[in-house]
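# How does the following fold in three dimensions:
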Amino acid sequence: MILITGATGNVGRLVLERLAADGRKVRALSRNPEDVRWPSGVEAVAGDLTDAESLAAALNGVEAVFLFAAPGSGPGFTAAAEAAGVRRVVLLSSGAVDDAAEAQDGPIAAYHWEIEQALRASSLAWTFLRPEVFAANVLPWAHQTKSGDEIRGAYAEAASSPIHEADIADVAVAALTSDGYAGTIHHLSGPESLTHADQARILGEVLGRPIRYIEVPVEAVRQQMSAHVPAPILDSIIKIWAESVETPRPVTDGVEAVTGQRPRDFRTWVRDHAEAF
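Residues are numbered from 1 along each chain as shown. Okay, here's the model as predicted:
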């Protein structure tokens with residue numbers, strides 16, 4: 001049995017669907033499983049990663065877990081997983097984690113690193129997936145593209161290597177179902193470095209109309225985003241954007257090293273999600 005946490009998320013849902021389609025025994029963890037339509041053959045259970053006592057039933061009979069990184073959940077989850085006899089855990093971590101740093105830079109890196117440390121200290125066979133910027137991070141642009149041909153945001157020249165969530169899912173499935181991944185860390189990215197302006201242009205090309213990225217003062221963006229993003233997380237996001245103007249986020253071969261396939265490019269991601277825009 002394989003347990004998928006974060007089973008309704010961008011990556012977790014794809015991992016769940018791939019495993020179910022392959023005939024694997026799959027269990028989905030959700031706070032409210034009755035509210036979700038699950039793929040055929042999937043067993044859904046109620047539970048919360050931040051409530052370790054709720055995990056015992058979900059982990060019963062489980063051999064491998066796809067672990068979504070819920071802040072503060074590391075120690076409780078690892079204790080519950082060890083008690084249940086789980087052997088393998090694949091963690092969806094973050095490319096922001098820096099193994100060489102004495103202290104992680106910002107809350108995003110910090111809480112992922114803390115969960116990684118809990119797994120390292122356990123008896124579980126762990127695998128860490130550290131994706132770079134998700135291509136899905138541009139979905140908030142949709143409210144602008146639906147009303148016009150301009151995207152207003154900070155740092156037009158901030159450069160990243162946006163990754164399609166399907167590539168992360170493909171790597172996760174391989175690590176969950178194959179031997180040889182214990183104790184390994186996989187830095188995952190899309191195949192090319194793109195600025196915010198590049199991404200807006202590609203979005204327009206796929207949608208069939210010119211779309212421009214208009215740079216606006218960062219404080220205006222901070223004020224707009226603060227309504228739905230906690231201040232410490234927002235500070236980290238803006239800092240990453242600022243730094244990536246001079247030092248673009250890396251392009252890695254992590255996806256191809258595991259799957260044997262070149263990762264999907266940003267244009268493919270936009271085609272797959274065009275209806276959202």
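
# can we go C-alpha only for contacts and neighbour counts from here?
Noted.

# quick one: average pLDDT of stretch 156-175?
Mean pLDDT, stretch 156-175: 98.

# need the helices for the stretch 51-200 of the chain, in chain order.
Counting by DSSP state H, counting those that start in this stretch, one finds helices in the stretch 51-200 of the chain at the ranges 56-59, 74-84, 107-120, 142-145, 165-177, 196-207.

# elements contacting the fourth one?
Which is helix 142-145. strand 150-153 (3 or more CA pairs under 8 Å, 6 or more residues apart in numbering; DSSP states H and E).

# and the strand it packs on, which strands flank it?
strand 212-215 (parallel) (DSSP bridges).

# Asp265 contacts Leu194, correct?
No: the criterion here is CA atoms under 8 Å, and Asp265 misses it with Leu194 at 10.3 Å.

# out of those two, which sits in the busier spot?
Neighbour count, other CA atoms under 10 Å: between Asp265 and Leu194, Leu194 has more, with 20 against 17.

# what is the more buried one paired to in the beta sheet?
With DSSP bridges applied, Leu194 shows beta-bridge pairing to Ser160.

# State the distance from it to Pro140.
18 Å (CA to CA, to the nearest Å).

# and if you look at Gln261?
Gln261 is 29 Å from Pro140, by CA to CA.

# Also Val258?
From Val258 to Pro140 the distance is 30 Å (CA to CA).

# So which of the two has more stuff around it?
Neighbour comparison, Val258 and Pro140: the larger count goes to Val258, with 15 against 11 (by other CA under 10 Å).

# Next, count neighbours for Asp272.
So Asp272, with other CA under 10 Å, has 11 neighbours.

# Export only the CA atoms of the longest helix seen in the chain, formatted as CSV.
Ranked by number of residues, the top helix in the chain under DSSP state H is helix 231-246. Output of helix 231-246 as CSV, limited to C-alpha atoms (Å, rounded to 0.1, in the frame of the first residue of the first chain):
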residue,chain,number,x,y,z
ALA,A,231,4.2,38.2,5.6
PRO,A,232,7.2,35.9,6.2
ILE,A,233,6.4,33.8,3.2
LEU,A,234,5.9,36.9,1.1
ASP,A,235,9.2,38.3,2.2
SER,A,236,10.9,35.1,1.1
ILE,A,237,9.2,35.1,-2.3
ILE,A,238,10.1,38.7,-3.0
LYS,A,239,13.7,38.1,-1.9
ILE,A,240,14.0,35.2,-4.3
TRP,A,241,12.6,37.3,-7.1
ALA,A,242,15.1,40.1,-6.4
GLU,A,243,18.1,37.8,-6.2
SER,A,244,17.2,35.9,-9.4
VAL,A,245,17.4,39.1,-11.5
GLU,A,246,21.2,38.9,-11.1
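
# what residues does that helix touch?
Helix 231-246 has contacts (CA atoms under 8 Å, 6 or more residues apart in numbering) with 106-108, 155, 157-160, 218, 222, 225-226.

# what comes up buried for whichever helix or strand comes after it?
Following helix 231-246 in sequence order, the next helix or strand is helix 254-259 (DSSP states H and E). The neighbour-count check on helix 254-259 (16 or more other CA atoms under 10 Å) flags 254-256 as buried.

# same question, stretch 102-121
Quick answer for stretch 102-121 (16+ other CA under 10 Å): 104, 106-116, 118-119.

# Could you work out the most separated pair of those residues?
Spanning the widest gap among the buried residues of stretch 102-121 are Gly106 and Leu119, at 20.5 Å by CA to CA.

# Would you double-check that Val15 falls in a helix?
Yes: looking at Val15 with DSSP: H, G, I helix; E, B strand; the rest coil, it is inside a helix.

# and it, how many neighbours?
Neighbour tally, Val15, other CA under 10 Å: 28.

# Let me know the pLDDT of the closest residue in space to Glu17 that isn't next to it in sequence.
Spatial nearest neighbour of Glu17, chain neighbours left out: Pro39 (6.6 Å); criterion: CA to CA, 6 or more residues apart in numbering. At Pro39, the model reports a pLDDT of 89.

# Leu19 is in contact with Pro39, correct?
No: at 10.2 Å, Pro39 does not count as touching Leu19 under the criterion of CA under 8 Å.

# Neighbour count for these two, which is higher?
Each of Pro39 and Leu19 has its neighbours counted (other CA under 10 Å); Leu19 has more, 18 against 15.

# coming back round to it: just put the helices of the stretch 51-200 of the chain in CSV and tack on distance to Arg24.
Formatted as CSV, the helices of the stretch 51-200 of the chain follow (distance: least, CA to CA, whole Å):
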stretch, distance to Arg24
helix 56-59, 16
helix 74-84, 20
helix 107-120, 24
helix 142-145, 36
helix 165-177, 9
helix 196-207, 36
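
# Noted, bye for now.
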